[in-house]
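Colleague: I would like to see how this sequence folds:
(2 chains)
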Protein chains: 2
Amino acid sequence: MADITIIGSGVMGTSIAVPALDNDHHVTLVGSPLDDDIIETMRAGEAHPKLDRPLTGKASYLRQDEMTADHLQKADVVLLGVSSAGMPWILDYLLGFGVPIARLMMITKGLDVTEDGGVRTLPPRLYETLAPLGDPPAVVGVGGPCIARELSNRAPTAVVFGHDNRDAAVYCQRLFETEYYHIRPNADLIGVEANAPLKNFMAIGVAATWSRYPDRFKDDARQMNPTAAVFEQAVHELALLTQWLGGNPMTAMRLAGAGDLFVTVNAGRNSRLGLRLGAGDSVLEALNGPLAGETVEGVDTGRALGPGLYKAWQKDPVLAAEMPLTRALLNAILHEQSFSFDMGAYWHRGD
Amino acid sequence: MADITIIGSGVMGTSIAVPALDNDHHVTLVGSPLDDDIIETMRAGEAHPKLDRPLTGKASYLRQDEMTADHLQKADVVLLGVSSAGMPWILDYLLGFGVPIARLMMITKGLDVTEDGGVRTLPPRLYETLAPLGDPPAVVGVGGPCIARELSNRAPTAVVFGHDNRDAAVYCQRLFETEYYHIRPNADLIGVEANAPLKNFMAIGVAATWSRYPDRFKDDARQMNPTAAVFEQAVHELALLTQWLGGNPMTAMRLAGAGDLFVTVNAGRNSRLGLRLGAGDSVLEALNGPLAGETVEGVDTGRALGPGLYKAWQKDPVLAAEMPLTRALLNAILHEQSFSFDMGAYWHRGD
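Modeller: From the prediction side, this is the model:
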């Protein structure tokens, strides 16, 4: 029986505890500073406010101010479960305990903007920031199509464990693999981590295409041809951006990219934003209107990606020409232009 | 202005005339023996019974018994527009005129079962059968995500022109490319032709997953995690089958494979059959019940694929192990087993 400490009790941090608890491991769920009420609720035996059922098994709950170095010390795995906005907090929080961490799993996703305005995935940021704790932890990044609520309800789910250390990945796989939670190790940690935020960004463009071309001859019918074309273009640009960020482009063609994009265009805030853009809203109109108060991670991805990518495009015009969808999304996110993807500009390139 | 003769006036044969007519080319639409009424309807200026609007531009219409060798002779492009069931008829029909054909486009899709029970794509069958007419025609196979009705309504659509002759492909691209119909030539004719029938087959399994795992906590809600996992597996097996049939596996990752699968799981008879299988029907129960009288091309694909593929799997167990979804679909189609895909059997292979 292993000890797993999950920091961040949002829907994903709470849901990923389910397979580990079903495997009879002990899970300590630690709330972020925003999670005190959620922790008290679950501690009282109730379900997470956004999930359908309480956790079962050897689960315990801590407010962030209740965790001690002891808890961290005996953890076989520490899992970063906060949203990307929580990254600075969680790194300070871990540093504060001064305890070295052997195995770090992460469901926290995002891109890291460096001081020179460059962009990279999160693992290098982790290695740097946690260096004072001693040897860098083995990092296992969870990717692939996984809606938290479905996982918490034990829907068959297939995910990727990107890793920088195969032993650590196989160890974590053994803790979490169940008859409904299927795990594939992938040595391309950077590619898996790149696709998680990038697919949110791309999903905005695919969803925008749903609403941009309504079927004029049927009520409430979505036309498929335009969206299928943009979906495929999105996967192609995911592969190019994955490679640009130092990952393996093939990772984008599999679960972590195309598979996760398939889910993301069909559900969630990124796709809701896209539907608004396709209907003619600007990004700010949508974020101040129908999506007011919500975090749309694909927008944050665009903001992180833009400056570094524009520089790269200046150096490499061919790379820029291969990414018309990315360009259209950056125009909408960074320059308040209405979303407009010129399919023709791309398709004329031939094969 | 070019002369294009389309043989077969189904929805696809009729819809692909639209971009050519918008480019001011002359299109002769020739009905199959089943199309006499449709030809008379369109000749009277009305819309195809299954489309929303009449054709505009330089279109003329012929019943199959009205076509002459002259018509064929002056055609710059002859387009095979019948369903796969119409292949034997259309080849006899063309042979009957004894006129050599320079450029042959095909939207007719399917697999060809050889006398020894092997399976191959349609182009080799074309070359063989049409040999008596002289030099083999340059073949351009149309693939990618295209719902005919949407194309006829000028929805933005991106397709692949697989070809065995780049000049012919570029010539055809010039005839059909419009601001809404985007064409990418692809030298992998065999891969494009393989994916067209194969994606119908795979779509049955993806759609079955929609209905197999309903959301127990929400009415009429589809769970995304299982279907996203099977979608990605389907693309992976499309790539393996494409390669097995002599095509380029990458073709399956792009428009002709993943892109077309994205459409096919969301619409059409293959996905309707899949939804029944996921709900527990056997293939025959579904074909004799809700889908009675309809052609489900993915089933024909499975029947053509099975015998040759089982032989290949006996010789190559690794190939078999990589295709659990294909195996589950063949079990349902050829052996009347209930559809059951063991995601776990696959995912344990690691990366």
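
Colleague: alpha carbons only: can I get stretch A:136-156 in CSV?
Modeller: The C-alpha trace of stretch A:136-156 is given here as CSV (Å, rounded to 0.1, in the frame of the first residue of the first chain):
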residue,chain,number,x,y,z
PRO,A,136,15.4,16.7,-9.1
PRO,A,137,12.3,14.5,-8.7
ALA,A,138,11.4,12.0,-11.3
VAL,A,139,8.5,13.7,-13.1
VAL,A,140,5.4,11.9,-14.5
GLY,A,141,3.0,14.1,-16.4
VAL,A,142,-0.6,12.8,-17.0
GLY,A,143,-2.0,13.5,-20.4
GLY,A,144,-4.7,12.2,-22.7
PRO,A,145,-8.5,12.5,-22.9
CYS,A,146,-9.9,12.5,-19.4
ILE,A,147,-12.9,14.4,-18.2
ALA,A,148,-12.5,14.4,-14.4
ARG,A,149,-16.2,13.8,-13.6
GLU,A,150,-16.2,10.7,-15.9
LEU,A,151,-13.1,9.3,-14.3
SER,A,152,-14.6,9.8,-10.8
ASN,A,153,-17.6,7.7,-12.1
ARG,A,154,-15.2,5.1,-13.3
ALA,A,155,-15.9,5.5,-17.0
PRO,A,156,-13.3,3.6,-19.2
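
Colleague: and it, what's buried?
Modeller: By 16 or more other Cβ atoms under 10 Å in any protein chain shown, the buried positions in stretch A:136-156 come out as A:136-156. Backbone N, C-alpha and C define where each C-beta goes, glycine included.

Colleague: and that stretch with chain B, contact?
Modeller: Yes - residues of stretch A:136-156 are located near chain B by Cβ under 8 Å from any Cβ of the partner chain, namely A:144, A:145, A:146, A:147, A:149, A:150, A:151, A:153, A:155, A:156.

Colleague: tell me which two in the residues you listed are the farthest apart.
Modeller: Spatially, the most separated pair among these is A:144 and A:153, at 17.3 Å (Cβ to Cβ).

Colleague: where does pLDDT dip in the stretch 251-351 of chain A?
Modeller: Across the stretch 251-351 of chain A, the ranges flagged by pLDDT under 70 are A:345-351.

Colleague: make it 90
Modeller: With pLDDT under 90 as the threshold, the stretch 251-351 of chain A has low-confidence stretches at A:266-268, A:294-295, A:318, A:341-351.

Colleague: would you map the helices across it?
Modeller: Secondary structure of the stretch 251-351 of chain A (DSSP state H, counting those that start in this stretch): helices at A:260-264, A:269-278, A:283-288, A:297-315, A:317-321, A:324-335, A:343-347.

Colleague: ok, now the stretch 1-150 of chain A?
Modeller: Under the criterion DSSP H, counting those that start in this stretch, helices of the stretch 1-150 of chain A are mapped to A:11-15, A:17-22, A:36-43, A:69-73, A:87-97, A:122-130, A:148-152.

Colleague: can you redo those helices as JSON lines with mean pLDDT?
Modeller: Below are the helices of the stretch 1-150 of chain A laid out as JSON lines (pLDDT from 0 to 100):
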{"stretch": "helix A:11-15", "mean pLDDT": "97"}
{"stretch": "helix A:17-22", "mean pLDDT": "98"}
{"stretch": "helix A:36-43", "mean pLDDT": "98"}
{"stretch": "helix A:69-73", "mean pLDDT": "94"}
{"stretch": "helix A:87-97", "mean pLDDT": "97"}
{"stretch": "helix A:122-130", "mean pLDDT": "96"}
{"stretch": "helix A:148-152", "mean pLDDT": "97"}
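
Colleague: figure out which of those helices is closest to residue B:199.
Modeller: helix A:148-152 (25.5 Å).

Colleague: okay, now the sheet partners of whichever helix or strand comes after the closest one, with direction.
Modeller: Using DSSP states H and E, the helix or strand that follows helix A:148-152 in sequence is strand A:157-163. Paired neighbours of strand A:157-163 in the sheet (DSSP bridges): strand A:138-143 (antiparallel), strand A:181-186 (parallel).

Colleague: average pLDDT for strand A:157-163?
Modeller: Mean per-residue pLDDT for strand A:157-163: 97.

Colleague: between the following helix or strand past that strand and strand A:157-163, how big is the angle?
Modeller: Next in sequence after strand A:157-163, counting helices and strands by DSSP H and E, comes helix A:166-176. Following axes from the mean of the first three to the mean of the last three Cα atoms, to 10 degrees, one obtains 150 degrees for the angle between helix A:166-176 and strand A:157-163.

Colleague: which of the residues in helix A:166-176 are buried?
Modeller: Using 16+ other Cβ under 10 Å as the test for burial, helix A:166-176 gives A:168, A:169, A:170, A:171, A:172, A:173, A:175, A:176.

Colleague: I figured the fourth one hits residue A:105, correct?
Modeller: No - between residue A:171 and residue A:105 there is no contact under Cβ atoms under 8 Å: 10.2 Å.

Colleague: quick one: common contacting residues for these two?
Modeller: By the contact definition Cβ atoms under 8 Å, 6 or more residues apart in numbering or on different chains, residue A:171 and residue A:105 are jointly contacted by residue A:77.

Colleague: ok, back up a step: residue A:253: which of the strands paired with strand A:157-163 is closest?
Modeller: Across these, residue A:253 has its closest neighbour in strand A:181-186 (12.1 Å, Cβ to Cβ).

Colleague: what residues are up against the residue lying farthest from the centre of chain A?
Modeller: Largest separation from the mean C-alpha position in chain A: residue A:217, at 37.3 Å (Cα atoms, centre = their mean). By Cβ under 8 Å, 6+ apart, the contact set of residue A:217 is B:52, B:149, B:153.

Colleague: now do residue A:239
Modeller: Residue A:239 makes contact with A:249, A:250, A:252, A:253, A:257, according to Cβ under 8 Å, 6+ apart.

Colleague: try 6 Å
Modeller: Each residue near residue A:239 by Cβ atoms under 6 Å, 6 or more residues apart in numbering or on different chains is listed here: A:249, A:252.

Colleague: name the element it belongs to?
Modeller: helix A:225-244.

Colleague: what's the angle from that helix to strand B:157-163?
Modeller: Put simply, helix A:225-244 runs at 70 degrees to strand B:157-163, going by the same axes, to 10 degrees.

Colleague: which parts of helix A:225-244 are buried?
Modeller: Using 16+ other Cβ under 10 Å as the test for burial, helix A:225-244 gives A:225-239, A:241-244.

Colleague: alpha carbons of it, as PDB, please.
Modeller: Provided in PDB are the C-alpha atoms of helix A:225-244 (Å, rounded to 0.1, in the frame of the first residue of the first chain):
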ATOM      1  CA  ASN A 225     -17.200  19.200 -43.400                       C
ATOM      2  CA  PRO A 226     -15.700  22.400 -42.200                       C
ATOM      3  CA  THR A 227     -15.100  21.200 -38.600                       C
ATOM      4  CA  ALA A 228     -13.500  17.900 -39.700                       C
ATOM      5  CA  ALA A 229     -11.100  19.900 -41.900                       C
ATOM      6  CA  VAL A 230     -10.200  22.200 -39.100                       C
ATOM      7  CA  PHE A 231      -9.900  19.400 -36.600                       C
ATOM      8  CA  GLU A 232      -7.400  17.700 -38.800                       C
ATOM      9  CA  GLN A 233      -5.500  21.000 -39.300                       C
ATOM     10  CA  ALA A 234      -5.500  21.400 -35.500                       C
ATOM     11  CA  VAL A 235      -3.800  18.000 -35.000                       C
ATOM     12  CA  HIS A 236      -1.300  18.900 -37.700                       C
ATOM     13  CA  GLU A 237      -0.400  22.200 -36.000                       C
ATOM     14  CA  LEU A 238      -0.300  20.400 -32.600                       C
ATOM     15  CA  ALA A 239       2.400  18.200 -34.000                       C
ATOM     16  CA  LEU A 240       4.400  21.200 -35.300                       C
ATOM     17  CA  LEU A 241       4.100  23.100 -32.000                       C
ATOM     18  CA  THR A 242       5.000  20.000 -30.000                       C
ATOM     19  CA  GLN A 243       8.100  19.600 -32.100                       C
ATOM     20  CA  TRP A 244       8.900  23.400 -31.700                       C
END
